[in-house]
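Asks: please find the sequence and the predicted model below.
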Amino acid sequence: MVRSSCVPLFWGVAVLPFAARVALAQDPPAPPPPDAAPAPTAEASSLPPATDDDETKKLLQELEAAERTDPLPSRSNQPPGVPDLSRVNLLGGLPGLQALNPDIAVIADVAAAMFGVARASAAGAPLPDDPLQTGGHDASESGFTLRQLEIALGASVDPYLRFDANLVFVEGVEVEEAYATTLALPLSLQGRAGVFLSRFGRHNEQHPHRWWFLSQPLVVGQLLGDDGNRGLGAEGSWLAPLPWAATVFASVQESGGGCCSRTFSPVDDEPAALRSALDLVATGAVEQFFSIGDDLSLLWGLSVQLGPAQYLDDEGRAELWGSDLLVRYAPSAASSRWFLELQAEAMARTRHRGGSNLVRDAIVDGGAYAQLVFHPSPALGAGLRYDWVEGDPSDVAGAGLGHGTQRGAVVLEYAPTHFSRLVAELNAGTRGQDDLLWGAIINLEVSIGAHGAHAY
Amino acid sequence: MRTLVLPFALALAAAPAAAKLNVVTTTQDPAAITRAIGGERVEVTALCKGFQDPHYLDAKPSFMLAVNRADLVIAIGLDLEVGWLPPLLHGARNPRVLPGSPGYLDLSTLVKPLEVGNSADRAQGDVHPMGNPHYWLDPENGRLMARGIAARLGELDPAGKASFSANLAAFEAALDEKEVAWAKALAPLAGQPVVTFHRSWAYLAARYRLDVVAYVEPKPGIQPTAQHTVEVIKTVRTRNIRVILMENFYDRRAPDQVASHTSAKVVFVPAMVGGTDKVNSYFDLFDAVVSGISAAFGSPP
């Protein structure tokens, strides 16, 4: 319904300036003489009806007449900074209209993987031998995997809003993100509304094609969800008036079920019952950036999430606490194209049953990861990562990771351009049950179309 | 009470007139021109330094903070900054400098770009279908940039209009004088074939009639390969090319390899203001480039 009413309106808006321009450019028609016979109507005329060609010719003549009296501005007499209208095809309209298309990019990640168990339990007890991979877009079976086919769209809606969407196709269509962002709020404020990845830590808000490694950090899978933490809601943020870049974020979102809000609603497709505003997941974060000269940068974040834990009992509550750090050394000296980057995040989770003592009775778990990436050139990179999780494998709000879960990974990257890269990852780890699991993954990523630049 | 309020109100009213225009430029070339035109009435910050590759820059939050506080953002445009400027503009929370606002000036709208409408196929490398963005390397485009900047500064700071006009006149007079010297230095080289690393020098070559016959990059933005380097060596030998012109933020190993197998010399020069310690103005940039090229051609092969 909305579509059918909007399309004529859009064409009307597009055509009106042209029609008005043609009409205004011509001399007003002379009034007919008082004794003139009325002009024949199309029906009364014996002439054949005008064809499309005739109509085109007539429009062209009108346009040429209009241009003779009021030529389109050329580049040389444009006021500074004004787009060149001479590039716009007013008759065909297509180049101008196509320029209104959003940026559209398609990104595919195809992996080949092999997983195995190197050491079984010392006690001989049967252990799960499924790979130590927690991410919804991780390769998790030996063989080929389409990790994801992502379509990213983005454009300004109007002077006040921008819209971005990420649709992921694997076995169905998943709206990973679809949100509007304000562009014109005062006081350095910005708002977002829609489905979005929450600003909890650094890794969570990055889509898989931005990851250096092919596997989601274990602590993210354990505490946030297979797809990280995201949901439908609204966010406000403020760039503080400080000498360094410091941004404060606050959001509320509906819990999204096991995929996307594991701590607050661990069962797939079963969001927490929304009985009051307290059943929304509230996120607060502060991100601070320090530039130490041109070469060294430090980004430090603190995050907290509060929400329901109805799976404990009706009054159950859960909190996530996190801190993230990114230190990047990228010499800006002439010809230097290498960088070294350390990224680390630590997260803790506290949960309470209704009426219990917040400290003494809290159920506490958590984990961390740290990764070091070295890029000697834009095309080549290598990295190391260590993951650690303290959890209970039987915890319904976890990814089956036990106490002392650890994983180490090495990664090699070859990216001939910004639009394709080949990444190989070798990892090995334990769920803390005297097991040793390993995985070898190689992933080809290709990107076509116009994909917006990423934030830092 | 009135005696207390009045000075405060006057101070508030006077404050904006005394405040400098806060200008953020994407690179140091428009920054240098803006300083020349704006003088004491502007405070200018350039995001990309002259020794950094302007195609690739980290969109640091500190840059976002600079854009947040800007009255005017000046960009080169033609997608040169497409990999880092949009997130800065969107994240800066400053509607005054968004594209379409008086506080945003895309300098590419003031010049006639070269290589417009080239294939928009990434099989051709890092292409710029709207035109080659390295237009500041034609001094006549520098003149157009200066005029556009003066006009925009005058719009945003009408009280400074006379000052900007006077500074523009001085800039153009100096440019006239310099252009005579640069043209004289390069005139004997008209028609000479050269190799360049990237397509940065198209405007300079067009202005001074140098003939760019090959590139060290196999395609724009694609790192040199051994096979392509051999092709370049063959071209340099066949055409007796004496100069390989390259920007000083690229890796010079491949051009050096070409030079070591031929009689060509690598002219490793800044392509932007700030490219070296000695290149602090728009005129310094051309002085460095022109003297580098002249010296290479002047020296015996």
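Replies: Okay, I see it. Numbers count the residues shown, from 1 in each chain, chains lettered A, B, ... in the order given.
Asks: mind listing what's buried along the helix or strand that contains residue B:140?
Replies: Per DSSP states H and E: residue B:140 is located in helix B:139-156. In terms of neighbour count (16 or more other Cβ atoms under 10 Å in any protein chain shown), helix B:139-156 has its buried residues at B:139, B:141-156. (Each C-beta comes from the backbone N, C-alpha and C, glycine too.)
Asks: cool, and stretch A:211-228?
Replies: A:211-228.
Asks: can you check stretch A:301-319 too?
Replies: Here stretch A:301-319 shows A:301, A:303, A:305-312, A:316-319 as buried, counting by 16+ other Cβ under 10 Å.
Asks: now render those as TSV, adding secondary structure, pLDDT and distance to residue A:376.
Replies: Output for these, formatted as TSV (DSSP: H, G, I helix; E, B strand; the rest coil; pLDDT from 0 to 100; distance: Cβ to Cβ, whole Å):
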residue	secondary structure	pLDDT	distance to residue A:376
A:301	strand	98	28
A:303	strand	98	32
A:305	strand	97	38
A:306	strand	97	43
A:307	strand	96	43
A:308	strand	96	48
A:309	coil	95	46
A:310	coil	94	50
A:311	coil	93	48
A:312	coil	93	49
A:316	coil	95	50
A:317	strand	96	48
A:318	strand	96	43
A:319	strand	97	41
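Asks: show me which of these is closest to residue A:342.
Replies: Checking the buried residues of stretch A:301-319 against residue A:342 with Cβ to Cβ, the nearest one is residue A:301 at 14.1 Å.
Asks: and the closest one, what does it touch?
Replies: A:201-202, A:285-288, A:322-325 (Cβ atoms under 8 Å, 6 or more residues apart in numbering or on different chains).
Asks: helices of chain B, residue ranges please.
Replies: B:2-18, B:28-38, B:61-68, B:85-91, B:139-156, B:161-186, B:202-208, B:226-239, B:253-260, B:282-298 (DSSP state H).
Asks: and the fourth one, is it in reach of chain A?
Replies: Yes - with Cβ under 8 Å from any Cβ of the partner chain as the threshold, helix B:85-91 lies in contact with chain A, specifically through B:85-87, B:90-91.
Asks: isn't residue B:113 up against residue B:132?
Replies: Yes - applying Cβ atoms under 8 Å, one finds residue B:113 in contact with residue B:132, separated by 6.2 Å.
Asks: overlap in contacts, those two.
Replies: Contact with both residue B:113 and residue B:132 is made by residues residue B:78, according to Cβ under 8 Å, 6+ apart.
Asks: now do the contacts for the residue lying closest to residue B:179 once chain neighbours are set aside.
Replies: With sequence-adjacent residues excluded and distances taken as Cβ to Cβ, 6 or more residues apart in numbering or on different chains, residue B:179 is closest to residue B:139, at 5.5 Å. Applying Cβ under 8 Å, 6+ apart to residue B:139 gives the contacts B:175, B:178-179, B:182, B:207, B:282, B:286.
Asks: for chain A, what spans make up the helices?
Replies: Going by DSSP H, chain A shows helices at A:2-25, A:52-69, A:94-98, A:218-223.
Asks: ok, of these, where does mean pLDDT dip lowest?
Replies: Sorting the helices of chain A by mean pLDDT places helix A:2-25 lowest, at a mean of 36.
Asks: what residues does stretch A:311-318 touch?
Replies: Contacts of stretch A:311-318 (Cβ under 8 Å, 6+ apart): A:263-267, A:306-310, A:349-355, A:363, A:396-397.
Asks: near chain A, which residues of the stretch 51-200 of chain B show up?
Replies: Checking the stretch 51-200 of chain B against chain A by Cβ under 8 Å from any Cβ, the hits are B:51-53, B:56, B:58-62, B:64-65, B:68, B:82-87, B:90-95, B:98, B:100, B:104-106, B:109-110, B:112, B:122, B:125-126, B:147-149, B:151-152.
Asks: and residue A:215, what does it touch?
Replies: A:133-135, A:138, A:409, A:425, A:427, A:439, A:441.
Asks: ok, now with 7 Å
Replies: Applying Cβ atoms under 7 Å, 6 or more residues apart in numbering or on different chains, we find residue A:215 in contact with A:133, A:135, A:138, A:409, A:425, A:427.
Asks: look up how far residue A:229 lies from the first one.
Replies: As defined by Cβ to Cβ, to the nearest Å, residue A:133 lies at a distance of 18 Å from residue A:229.
Asks: neighbour-wise, which of these two wins?
Replies: Legend: neighbour count by other Cβ atoms under 10 Å in any protein chain shown for residue A:133 and residue A:229, higher for residue A:229 (29 against 26).
Asks: surely that one touches residue A:200?
Replies: Yes - taking Cβ atoms under 7 Å as the definition, residue A:229 is a contact partner of residue A:200 at 5.5 Å.
Asks: domain assignment for chain A?
Replies: Annotated domains of chain A cover A:2-25+A:44-98, A:106-449 [automatic domain parsing].
Asks: considering the ones you listed, which stretch scores lowest in mean pLDDT?
Replies: What stands lowest among those, in mean pLDDT terms, is domain A:2-25+A:44-98, with a mean of 45.
Asks: so what's the residue count around the residue nearest to residue A:116 when sequence neighbours are not counted?
Replies: In space, and not counting its chain neighbours, residue A:116 is closest to residue A:438: 5.6 Å by Cβ to Cβ, 6+ apart. Residues near residue A:438, counting by other Cβ under 10 Å, number 17.
Asks: contacts only, for residue A:438.
Replies: Contacts of residue A:438 by Cβ under 7 Å, 6+ apart are A:115-116, A:118, A:427-428.
Asks: if we use 10 Å, what do you get?
Replies: By Cβ atoms under 10 Å, 6 or more residues apart in numbering or on different chains, the contact list for residue A:438 reads A:114-119, A:131-132, A:407, A:426-429.
Asks: if we can go back for a sec, hmm, which of the residues of the stretch 51-200 of chain B next to chain A are the buried ones?
Replies: Buried among these (16+ other Cβ under 10 Å): B:51-53, B:58-62, B:64-65, B:68, B:82-87, B:90-95, B:98, B:104-106, B:109-110, B:112, B:122, B:125-126, B:147-149, B:151-152.
Asks: can I assume residue A:383 is in contact with residue A:369?
Replies: No - assessed by Cβ atoms under 10 Å, residue A:383 is found out of contact with residue A:369, at 11.7 Å.
Asks: joint contacts of those two?
Replies: Joint contacts of residue A:383 and residue A:369 (Cβ under 10 Å, 6+ apart) are A:213, A:343, A:409.
Asks: redo those residues as TSV? Include distance to residue A:162.
Replies: Shown next, in TSV, are the shared contacts of residue A:383 and residue A:369 (distance: Cβ to Cβ, whole Å):
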residue	distance to residue A:162
A:213	30
A:343	27
A:409	35
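Asks: surely residue A:427 meets residue A:131?
Replies: Yes - the criterion here is Cβ under 10 Å, and residue A:427 meets it with residue A:131 at 9.0 Å.
Asks: between these two, what contacts are shared?
Replies: A:115, A:215, A:437-439, A:441.
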